[in-house]
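In: I'll drop the sequence and a predicted model, then ask my questions.
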Amino acid sequence: MLIPEMDKGMQSHVDHIRATALKILEEVGIRLMGAEALDLLRENGVRVEGDRAFFLPGQVMDWVERAPSRFTIHARNPRHDMLIGGDESECSPGYGCASLILPDGSRRDTVLSDYVTLAKLVQQSGHFKINGGILAQPADVDPERSHLIMLYAAILSSDKCLLGIPGTGRHINEMMEAAAFVFGGKDSFTSRPHLLTMISTVSPLQVDEMALDSILTCARCNQPMIISPAPAAGTTGPVDLGVNLSLATAEALACIALAQMARPGVPVIFGLQCYGADLRTGNISIGSPAYALQAGYCAALARSFNLPSRAGGTTNDAKDVSVQAGYESMLSMLTALQNRINLIVHSAGILDSFAAMSYEKFMVDLEIMDMARYYLRGLPETDYEAGLQLIKSVGPGGQFLTTRDTMKKCRTHSWAPEVALRGSLSGRTPGEALSSNIQKKMERMLASYVRPELEPARQAALEDYLVNRAGVDPAALDAVKKLLNPLTPDGQPG
């Protein structure tokens with residue numbers, strides 16, 4: 001059940017958003033806080049005044065059109081290779097949080113063990129072909145090396161595609177060099193996409209030095225990036241959603257053009273992350289219909305530029321796993337899937353406007369994705385004549401539960417929840433029963449986890465680089481390995 005092609009009203013808005021974005025770049029310009037990027041723009045004929053660049057419409061579109069409309073990110077295990085573009089929708093889990101919300105609503109800092117546990121759950125779920133990034137920012141590791149420790153944990157725990165971590169040019173380069181050891185060396189690594197990095201602008205109309213360095217470094221290494229402006233309507237962007245989208249589009253197009261100047265053809269995702277805002281408080285809102293509505297237009301705009309798209313998944317502003325978390329998350333996820341967003345980030349685990357992760361929310365979100373994908377598949381191929389004969393054989397007042405047809409199709413044609421409640425509560429409260437279902441599902445996933453094999457020589461080369469060239473404490477690598485291979489009560493590897 002894919003959405004129909006744009007109606008005239010939506011097409012009109014898309015045309016106006018595009019035209020306004022190009023006028024913003026031509027008449028207002030965008031501030032770029034990096035000398036190297038400004039020099040590159042000048043070399044390619046873009047007018048630069050101080051730290052502000054002004055693009056002519058033809059200039060920016062000439063460069064944007066050099067980016068591919070679709071591309072494949074290659075995993076260590078080819079079974080998990082991920083096509084980005086077209087009508088495909090892939091999901092990525094929650095990202096960027098330094099806090100964990102517990103079942104009772106209390107919070108604590110996330111630590112390395114949380115990162116590894118989440119990486120295991122991502123590896124186990126069929127909804128994801130990509131792992132890593134900032135699944136949880138660990139408070140118990142060296143912050144100057146945390147990007148490398150998280151990357152190492154993602155590599156060891158999973159053989160899926162890799163999500164990178166934003167940082168300075170040095171940080172990005174270190175991650176590229178480290179990942180290259182896993183994919184057969186620098187030449188093999190740079191020959192095709194392996195490591196996807198998310199890069200944010202500073203709305204309105206600014207790109208800081210870290211983001212610029214990230215763009216240039218990813219481009220030189222031929223690795224894909226998500227350009228993800230995030231203006232909030234009424235605070236860091238105009239309150240009118242269409243004009244807010246125009247602002248975000250201008251920022252995205254400028255960064256995509258810069259990436260193509262650095263390396264024509266480098267894969268880039270058009271990733272508007274336009275928020276709503278609660279103008280009573282000034283806080284952003286990621287669970288509002290304004291967020292979902294702008295995500296739908298992100299998909300339409302990306303298609304108009306012939307680029308892949310990115311938006312949010314089960315996003316919400318709820319403070320715990322609650323009714324609010326459920327209805328806001330379903331709105332955002334269903335919107336993203338119906339509009340064929342190509343990469344849906346924050347698809348599992350997010351709470352409180354990106355402020356925290358939750359294991360319980362992660363489990364609930366997997367069920368939300370199950371439900372949404374089942375619904376969007378539509379009716380299966382149906383033999384109506386055979387169905388008519390079945391109804392004749394059962395007749396008035398009969399039952400279909402024990403028929404051979406039901407027995408044959410019960411596992412493929414019926415959807416059954418693993419978390420949601422049905423039937424008797426067996427003396428428990430609804431809250432107790434729901435919590436028990438969530439916990440049991442997580443325990444099953446973790447109990448069946450098997451660490452994917454990594455060629456010993458490549459692992460040794462990676463660890464040598466991290467310790468002897470990048471300055472990572474060997475104890476941090478040992479901690480990751482112990483979390484992935486816990487000891488049994490007798491002290492032997494589990």
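Out: Happy to help now that I have it.

In: how about the helices in the stretch 301-450 of the chain?
Out: Along the stretch 301-450 of the chain, the segments classed as helices by DSSP state H, counting those that start in this stretch run 323-338, 359-377, 384-394, 404-413, 430-447.

In: which stretch among those comes nearest residue 60?
Out: Of all the helices of the stretch 301-450 of the chain, it is helix 323-338 that lies closest to residue 60, at 26.6 Å by CB to CB. Where C-beta positions appear, they are placed from N, C-alpha and C, glycine not excepted.

In: neighbouring contacts of the closest one?
Out: For helix 323-338, the surrounding residues in contact (CB atoms under 8 Å, 6 or more residues apart in numbering) are 1-3, 89, 286-289, 291-293, 295-296, 299, 311-318, 344, 347, 351, 361, 364-365, 368-369, 371-373, 375-376.

In: would you list the phi and psi of the nearest residue to residue 228 once chain neighbours are set aside?
Out: Nearest residue to residue 228, sequence neighbours excluded (CB to CB, 6 or more residues apart in numbering): residue 271, at 4.0 Å. Main-chain dihedrals, residue 271, degrees, to the nearest 10: phi -120, psi 60.

In: you'd agree residue 271 is up against residue 248?
Out: No: the pair residue 271 / residue 248 is not scored as a contact, 9.5 Å apart, by CB atoms under 8 Å.

In: what do the two both touch?
Out: What both residue 271 and residue 248 touch, as defined by CB under 8 Å, 6+ apart, is the set residue 229.

In: thought residue 435 was touching residue 364?
Out: No: the criterion here is CB under 8 Å, and residue 435 misses it with residue 364 at 10.9 Å.

In: off-centre distance for the helix or strand containing residue 155?
Out: In this assignment (DSSP states H and E), residue 155 forms part of helix 146-157. Averaged C-alpha coordinates place helix 146-157 at 17 Å from its chain's average position (CA atoms, centre = their mean, to the nearest Å).

In: repeat for stretch 326-339
Out: 14 Å.

In: next: stretch 322-329.
Out: For stretch 322-329, the distance to the chain centre is 19 Å (CA atoms, centre = their mean).

In: nearest residue to residue 299 in space, please, no chain neighbours.
Out: residue 339 (4.0 Å).

In: could you check how far that neighbour is from residue 92?
Out: Distance, residue 339 to residue 92, by CB to CB, to the nearest Å: 17 Å.

In: more neighbours, the two?
Out: The residue with more neighbours, out of residue 339 and residue 92, is residue 92; 28 against 21, by other CB atoms under 10 Å.

In: if we can go back for a sec, please indicate which of the contacts of helix 323-338 are buried?
Out: Among these, the ones that count as buried by 16 or more other CB atoms under 10 Å are 89, 286-288, 291-293, 295-296, 299, 311-318, 344, 347, 351, 361, 364-365, 368-369, 371-373.

In: rewinding a little: in JSON lines: the helices of the stretch 301-450 of the chain, plus mean pLDDT and distance to residue 33.
Out: Below are the helices of the stretch 301-450 of the chain laid out as JSON lines (pLDDT from 0 to 100; distance: least, CB to CB, whole Å):
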{"stretch": "helix 323-338", "mean pLDDT": "97", "distance to residue 33": "31"}
{"stretch": "helix 359-377", "mean pLDDT": "97", "distance to residue 33": "36"}
{"stretch": "helix 384-394", "mean pLDDT": "97", "distance to residue 33": "63"}
{"stretch": "helix 404-413", "mean pLDDT": "91", "distance to residue 33": "55"}
{"stretch": "helix 430-447", "mean pLDDT": "96", "distance to residue 33": "43"}
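
In: looking at these, which is nearest to residue 96?
Out: The nearest among those, by CB to CB, is helix 359-377 at 14.6 Å.

In: now do the same contact list for residue 219.
Out: Contacts of residue 219 (CB under 8 Å, 6+ apart): 225, 259, 262-263, 266.

In: just residue 75 next, same as before
Out: Residue 75 neighbours (CB under 8 Å, 6+ apart): 81-82, 129, 159-162, 194.

In: that older thread, so which elements touch the helix holding residue 155?
Out: helix 112-124, strand 130-132, strand 161-163, helix 169-182, helix 456-464, helix 474-484 (3 or more CB pairs under 8 Å, 6 or more residues apart in numbering; DSSP states H and E).

In: and the second one, which strands flank it?
Out: Looking at strand 130-132 with DSSP bridges, its partner strands are strand 161-163 (parallel).

In: tell me how far the strand it pairs with is from the chain's mean position?
Out: 10 Å.

In: just the residues contacting it, thanks.
Out: Contacts for strand 161-163 (CB under 8 Å, 6+ apart): 73-75, 80-82, 92, 95, 129-133, 151, 154-155, 179, 194-198.

In: do the same with stretch 408-421
Out: Under CB under 8 Å, 6+ apart, the answer for stretch 408-421 is 363-364, 367, 370-371, 374, 380, 430, 433-434, 437-438, 441.

In: of the residues you listed, select the buried ones using a ChimeraX command.
Out: What follows is the ChimeraX syntax selecting those of the contacts of stretch 408-421 that are buried according to 16+ other CB under 10 Å:
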select :363,364,367,370,371,433,434,437,438,441
